[in-house]
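Chemist: Provided below for reference: sequence and predicted model.
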Amino acid sequence: MARSVLYNCLKILFLVGLIHTATVASAYAASNSSSSWEVCLATSAQDAGVPANILRAIVDVESNGNPWAFGYRKENGKLASKFLKDRDTAEEFLRHLWKERLHFDAGLAQISSPNLQRFWKTRGISPIDALEPCTNLELAAVVLGEQIKKHGYTWRAIAGYNGSTKYIPRVWKALCQREPQAGCPRG
């Protein structure tokens, strides 16, 4: 029953998100307090036909809004995270990870190294270019759109973005923190 409620809530959120996305871009553009990447998030979501509120929740979970965030596997196989202070340091770290052929996720929406490789081959967007916040969000919207096309407007699409069903509650919680609604946990 709880799974059915969550599924129905997600369907409603996606539909509301699609309608909301059309108006969000102009609202973000009009707001002087919005960072430039938030405008890009709304535009990227709209261009890819994905809900901006879901993409924003993904950014919250993945990097907490830090464009120079990395998740990676160390040489010993252990998972690690880094939140770097600037673009130059992030580029240097990305080059190191790429050279060492380590699996990693980079940027605001934590684009995975296999996806970075794919986008480099198919779109000519280098991994370094993908550190640019607007480019990172554009690629994230594409990946999310692919998952929605594959799984429909379901939690499975959200899990597909990250590759794990354990990801679903984290995105749900982030979404609820920004947009409280029926079915959201309290407290």
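Modeler: That came through fine.

Chemist: low-confidence ranges in this structure?
Modeler: Applying pLDDT under 70 to the chain flags the ranges 1-34, 187.

Chemist: Break down it into its strands, ranges please.
Modeler: For the chain, applying DSSP state E gives strands covering 69-73, 79-83, 104-106, 111-112.

Chemist: Now render those strands as a markdown table, adding distance to Ile58 and mean neighbour count.
Modeler: (C-beta placed from N, C-alpha, C; glycine too.) Output for these, formatted as a markdown table (distance: least, C-beta to C-beta, whole Å; neighbours: other C-beta atoms under 10 Å):
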| stretch | distance to Ile58 | mean neighbour count |
| --- | --- | --- |
| strand 69-73 | 12 | 19 |
| strand 79-83 | 16 | 12 |
| strand 104-106 | 12 | 25 |
| strand 111-112 | 11 | 22 |
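
Chemist: Can you redo those strands as a markdown table, where the extra columns are distance to Phe119?
Modeler: Below are those laid out as a markdown table (distance: least, C-beta to C-beta, whole Å):
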| stretch | distance to Phe119 |
| --- | --- |
| strand 69-73 | 17 |
| strand 79-83 | 22 |
| strand 104-106 | 12 |
| strand 111-112 | 8 |
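
Chemist: Nearest to Pro127, out of the ones you listed?
Modeler: Proximity to Pro127, assessed across these by C-beta to C-beta, is greatest for strand 104-106 (7.0 Å).

Chemist: before we move on, back to that, and the strands of the chain: which comes nearest Ser63?
Modeler: Nearest to Ser63, of the strands of the chain and by C-beta to C-beta, is strand 69-73 at 3.7 Å.

Chemist: who does the closest one pair up with?
Modeler: Its sheet considered, strand 69-73 pairs with strand 79-83 (antiparallel), strand 104-106 (antiparallel) by DSSP bridges.

Chemist: who touches it?
Modeler: Among residues not part of strand 69-73, those counted as contacts by C-beta atoms under 8 Å, 6 or more residues apart in numbering are 62-63, 79-84, 90, 93-94, 97, 102-108, 110.

Chemist: Would you mind writing the CA trace of stretch 125-137 as CSV?
Modeler: C-alpha atoms of stretch 125-137 as CSV (Å, rounded to 0.1, in the frame of the first residue of the first chain):
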residue,chain,number,x,y,z
ILE,A,125,31.4,17.4,-24.6
SER,A,126,34.7,16.7,-22.8
PRO,A,127,34.7,15.6,-19.1
ILE,A,128,36.3,18.9,-18.3
ASP,A,129,33.5,20.8,-20.1
ALA,A,130,31.0,18.8,-18.1
LEU,A,131,32.3,20.5,-14.9
GLU,A,132,30.7,23.7,-16.1
PRO,A,133,27.4,23.8,-14.1
CYS,A,134,25.1,24.5,-17.0
THR,A,135,26.6,21.7,-19.1
ASN,A,136,26.5,19.3,-16.2
LEU,A,137,22.8,20.0,-15.7
